[in-house]
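# Give me the fold of what follows.
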Amino acid sequence: MRPILLVIDIGNTNIVCGIYKDDELIKDWRIATKENKTSDEYGMEFRQIMEIHGISYHDIEDIIISSVVPNLMHTIPAACSRYLGIKPYIINHLTDTGIINGYGNPKEVGSDRIVNAAAGFKKYGGPLIIIDIGTAITFDYITEEGEYLGGAIAPGLAISSEALFMKTSKLPKIEIDTPKKVIGKSTVESIQSGLVYGYIGLVDSIIERMLEEKGKEEKDVKILGTGGFSALISQNSRYIEKVDKMLTLDGLKMIYDRNKRKKTEYA
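Okay, here's the model as predicted:
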């Protein structure tokens, strides 16, 4: 049996998990993030999903976790220890990720942004702009030397859609999708247009301002999309060249390999 690594990215909306055999991602899945769920519930859920995928938890060699949900940073590791028999490696601001964290206060930056930056720089080089289009939309700039400089954060499409539904009397909940035309002929089409094309404008505008601020031409900077809504936005963006939906999971695997190798070298 080849070594098996479980990577877990705890986000505000979903917990995304991946199983790697050597360097190959063989399975991935996502479950809803619920802060009131117990470690026993999460532990049993992990076991059941792996069983459905034909993977025994006994075969898991190690686990690495990235989280932006502080309330689950005891629950999930406890689930891993109790139900998978492994104390996980947890990413924090002191983790050697292979890039320089140039944020004003390195403790403040979300571990998912650093993981994305590390993976993006290793896979595509720099300078690089990464746009993670999920619950929130984050924009991150990485230099040609591999220094993470920071970026911008905006509310995501689902948050804005939910706010429209909650804060207005007549607007319905909708499925977020690209409408056929900008000028909607129904309330649903009008909301879809405002959300999708509005966010395309937001994304492209911030990218433009980042390029201008750094004195870079578009051709000199790699611009990468990731996250749940990345395909929806990138297909109409002027600037996003490529979508890599597995960027965070790949980053966790790369960071694990880097730190495991160091442990082995100095053991």
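# Show me how this protein divides into domains.
Here the domain parsing of the chain from automatic domain parsing is 4-90, 125-246.
# Out of those domains, which is closest to residue 111?
domain 4-90 (4.5 Å; CB to CB). Just so you know, the C-beta spots here come from the backbone N, C-alpha and C atoms, and that holds for glycine as well.
# what distance separates that closest one from the middle of the whole chain?
15 Å (CA atoms, centre = their mean, to the nearest Å).
# Low-confidence ranges, this protein, go.
Along the chain, segments meeting pLDDT under 70 span 1-2, 261-267.
# Check which element follows the lengthiest helix in the chain along the chain.
Ranked by residue count, the top helix of the chain under DSSP state H comes out as helix 187-214. Downstream of helix 187-214, the first helix or strand assigned by DSSP states H and E is strand 222-226.
# which secondary structure elements does that following strand contact?
helix 111-124, strand 128-133, helix 230-234, strand 242-243, helix 247-266 (3 or more CB pairs under 8 Å, 6 or more residues apart in numbering; DSSP states H and E).
# mind listing the strands for the stretch 1-150 of the chain?
4-10, 14-21, 24-32, 60-67, 89-90, 100-101, 128-133, 136-142, 147-155 (DSSP state E, counting those that start in this stretch).
# for these, which one ends up most surrounded?
Across these, averaging neighbours per residue (mean count of other CB atoms under 10 Å) puts strand 128-133 on top, at a mean of 26.
# quick check, distance from that one to the centre of its chain.
On CA atoms, centre = their mean, the centre of strand 128-133 falls 10 Å from the chain's centre.
# Look up how far residue 49 lies from residue 30.
10 Å (CB to CB, to the nearest Å).
# I meant residue 123, not that one.
With CB to CB as the criterion, residue 123 and residue 49 are 27 Å apart.
# Equivalent analysis for residue 5, please.
16 Å.
# now do residue 16
Remark: distance between residue 16 and residue 49 (CB to CB) = 12 Å.
# between those two, what contacts are shared?
residue 29 (CB atoms under 8 Å, 6 or more residues apart in numbering).
# Next, work out how far apart the residue of the chain positioned farthest from its centre and residue 26 are.
Largest separation from the mean C-alpha position in the chain: residue 185, at 34.3 Å (CA atoms, centre = their mean). Using CB to CB, residue 185 is found at 45 Å from residue 26.
# and the residue nearest to residue 231 when sequence neighbours are not counted, what is it in contact with?
Once flanking residues are discounted, residue 231 sits nearest to residue 243: 5.6 Å by CB to CB, 6 or more residues apart in numbering. Residues in contact with residue 243 (CB under 8 Å, 6+ apart) are 224, 225, 226, 230, 231, 234.
# Kind regards, and thank you for your time.
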